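**Q** predicted model, plus sequence, below.
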Amino acid sequence: TVCSSLSGQALPGGSMELPMKFDRVAVNPKNKDVMALVTATQVRMVTMTKSHQTYIMKLLPPSLPVDGGLSICAYSWTPGYVNEKTDEQMPGSFIVATRQSTLII
């Protein structure tokens, strides 16, 4: 359940069923409506979209292979950047490092 930081009340539509329990939440610093739910072995992205007076939550497919045997040791959002040719703001990426010496972007 997602709650308002001002009132502490649950946001309308801000609840969803999750396939597993997650240890940590990493909110995208450039877009508070995108967050990564992180466990020791998996990352799932969640997006929130405001629609009239409610929120639509969407759980995206797993970011890592489910049976990959990976163990997450660090993660971070990269900063966004401005495309010099188009002047368009580009979003950052979510980077995951594993104990198996794998870096996943």
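**A** Yes, it's here.

**Q** which residues in the protein form strands?
**A** Ranges of strands in the chain, per DSSP state E, are 24-27, 34-38, 43-51, 54-59, 72-77, 81-82, 89-90, 94-98, 103-104.

**Q** strand partners (parallel or antiparallel) of the last one?
**A** If I follow you right, that is strand 103-104. Strand 103-104 pairs in its sheet with strand 94-98 (antiparallel), by DSSP bridges.

**Q** the partner strand: which residues count as buried?
**A** Of all the residues in strand 94-98, those buried under the rule 16 or more other C-beta atoms under 10 Å are 94, 96, 98. All C-beta spots, glycine's among them, are computed from the backbone N, C-alpha and C.

**Q** so the second one sits against Leu64, correct?
**A** Yes - the pair Val96 and Leu64 passes the contact test of C-beta atoms under 8 Å, sitting 7.1 Å apart.

**Q** which neighbours do those two share?
**A** 43, 104 (C-beta atoms under 8 Å, 6 or more residues apart in numbering).

**Q** how about residues contacting the helix-or-strand element of the chain with minimal mean pLDDT?
**A** Among the helices and strands of the chain, strand 89-90 carries the lowest confidence by mean pLDDT, DSSP states H and E, at a mean of 79. Residues outside strand 89-90 that contact it (C-beta under 8 Å, 6+ apart) are 80-83.
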